[in-house]
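Undergrad: model this:
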Amino acid sequence: MNSLLSAYASGSDEEDDRQLEYGPRRPDFPPSKRQKPDYSDPNFRYIPPDRPVSATILPTEAPLPGRYVSKRERAALASANVVSDPNPTTQIPLPSPVMGTLSVSGWPSTILSKLRQQTRRAARLGHLPEGLSVTLSGHTNSVNTVQWSRIHAHLLASAGMDQTVNIWNVWSSKQKRARVLNFHKAAVKDVKWSEQGLSVLSCGYDCSSRLIDVERGIETQIFREDQVVGVVKFHPNNFNLFLSGGSKGLLKLWDVRTGKVVHEYTRNLGPILDVEFSIDGKQLVSSSDESRSNLSENSILVWDVSRQIPLSNQVYVEAYTCPCIRFHPVDPYFIAQSNGNYIAIFSSSYPFRLDKYKRYESHGVFGFPIKCNFSLDGDLIASGSSDGFIYFYDSKSSRLVKKIKASGQPCVDVAFHPVMPGVIATSSWNGEVFVLA
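TA: Here you go, the predicted model:
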């Protein structure tokens with residue numbers, strides 16, 4: 001009996017867990033054969049496993065490896081001085097560099113006058129640009145898309161294969177590149193302006209969409225996926241919602257407020273090339289890479305947004321992919337840029353028939369992701385082209401009205417200014433952005 005009492009009499013440390021106080025004595029393990037670290041090294045730091053790597057601790061007496069560390073010793077270690085790690089493994093993203101101003105100070109008086117007299121020019125919405133006005137250089141690789149801000153109409157966003165989104169103060173007399181947003185880890189495929197604050201939504205090959213505060217130059221939200229995200233689009237009636245389409249053929253409707261997916265549109269599609277909401281936001285059209293030998297079923301699908309079901313999959317049955325879809329701002333039809341080197345026209349009401357008697361054809365696509373767009377009133381259609389020209393068509397007659405040389409490389413995207421008629425931006429395969437006026 002005495003031997004049993006003596007075996008249990010030596011309790012553990014007072015600060016240890018109570019279950020160890022009545023347990024058997026810890027057996028004496030043989031000394032570790034691992035080489036002991038050199039604690040005399042002034043650069044040695046002990047990092048407890050439950051403390052972030054970015055905040056390391058310099059203990060006064062380092063514990064032996066493999067030895068139990070009591071609560072009292074852990075408290076003593078935690079009270080030691082905290083020294084920042086010069087090489088942290090997890091880094092907080094730094095704000096993007098400020099290159100120039102976002103204000104309209106220093107603008108030419110002619111441009112300011114055009115902005116102030118925008119209502120007087122409403123009758124000239126279909127006015128054509130005369131030629132090249134501004135060249136914006138800064139991207140080091142091809143530029144996939146450009147978009148004007150509707151709220152801050154002097155700002156232009158561009159996204160490129162150099163992993164950056166550039167914000168341009170186009171008519172600034174000083175530095176025209178106001179911000180370089182380099183939060184993506186791979187090429188950026190698309191960028192859209194949010195109408196809630198001075199923010200942009202971008203997506204790319206790093207399998208994410210990112211909401212970025214342009215004024216502060218910081219990333220506010222990340223929406224991660226298991227696919228390359230090629231296109232994003234805000235809902236026309238609710239800017240808390242946006243649609244993303246990616247390389248696995250998945251279409252997802254996200255809610256910015258929760259950061260979660262609220263709807264998914266799935267039909268075993270190929271990579272999504274473009275998406276577009278109807279004007280009322282009740283339908284969406286998706287274009288995917290579903291070309292086959294002589295049939296392109298599912299290459300263009302019309303979806304019911306709320307019910308998440310396709311309304312038709314026999315819209316376009318030619319063996320060409322369509323890198324761009326655009327709805328007319330007023331009339332009930334939409335257009336699709338085809339790799340057959342023309343722009344096709346479709347009715348926006350069921351059964352979404354292809355217009356077999358009219359299309360826009362003079363420009364070249366030839367496998368490039370060439371995009372097109374309507375003017376503010378829908379009277380004109382502008383299209384990029386593989387020959388470096390911008391082509392302008394009369395939307396009603398499909399007649400070629402004008403073409404303007406912009407670059408020696410293919411012009412990929414085109415965007416009409418939301419306020420000033422006759423002003424259009426385009427992106428080039430050589431990394432430059434041009435503004436025509």
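
Undergrad: tell me which residues in stretch 410-418 are buried?
TA: Across stretch 410-418, burial judged by 16 or more other CB atoms under 10 Å covers 410-417. For glycine as for every other residue, the C-beta is placed from the backbone atoms N, C-alpha and C.

Undergrad: likewise stretch 318-330?
TA: So, applying 16+ other CB under 10 Å, buried residues of stretch 318-330: 318, 320-328.

Undergrad: cool, and stretch 136-151?
TA: Residues 136, 138-139, 142-149 are the ones in stretch 136-151 that count as buried (16+ other CB under 10 Å).

Undergrad: I'd assumed residue 415 was in contact with residue 375.
TA: No - the criterion here is CB atoms under 8 Å, and residue 375 misses it with residue 415 at 10.7 Å.

Undergrad: So which of the buried residues of stretch 410-418 are in strands?
TA: 411-416 (DSSP state E).

Undergrad: Including pLDDT and distance to residue 269, could those residues go into TSV?
TA: What follows is those, written out as TSV (pLDDT from 0 to 100; distance: CB to CB, whole Å):
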residue	pLDDT	distance to residue 269
411	97	28
412	97	23
413	97	23
414	98	26
415	97	26
416	96	30
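
Undergrad: Make JSON lines from the residues you listed and add distance to residue 259 to it.
TA: What follows is these, written out as JSON lines (distance: CB to CB, whole Å):
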{"residue": "411", "distance to residue 259": "36"}
{"residue": "412", "distance to residue 259": "31"}
{"residue": "413", "distance to residue 259": "28"}
{"residue": "414", "distance to residue 259": "32"}
{"residue": "415", "distance to residue 259": "28"}
{"residue": "416", "distance to residue 259": "32"}
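
Undergrad: Farthest-apart pair in these, please.
TA: 412 and 416 (15.5 Å; CB to CB).

Undergrad: returning to that earlier point: which of the buried residues of stretch 410-418 lies at the shortest distance from residue 155?
TA: Ranked by distance to residue 155 (CB to CB), those are led by residue 417 at 11.1 Å.

Undergrad: Against residue 399, how distant is that closest one?
TA: 23 Å (CB to CB, to the nearest Å).

Undergrad: if we can go back for a sec, point out the ones among the buried residues of stretch 318-330 that are inside strands.
TA: 324-327.

Undergrad: from these, which is closest to residue 299?
TA: Nearest to residue 299 among those is residue 325, at 10.8 Å by CB to CB.

Undergrad: residues contacting that closest one?
TA: 274-276, 285-287, 300, 334-337 (CB atoms under 8 Å, 6 or more residues apart in numbering).

Undergrad: how about residue 390, secondary structure?
TA: For residue 390, the secondary structure call by DSSP: H, G, I helix; E, B strand; the rest coil comes out as strand.

Undergrad: bridging residues for it?
TA: residue 404 (DSSP bridges).

Undergrad: list the contacts for it?
TA: 382-384, 403-404, 406, 411, 414, 424, 426, 436.

Undergrad: just residue 169 next, same as before
TA: Here residue 169 is in contact with 100-103, 154-155, 175-178 (CB under 8 Å, 6+ apart).
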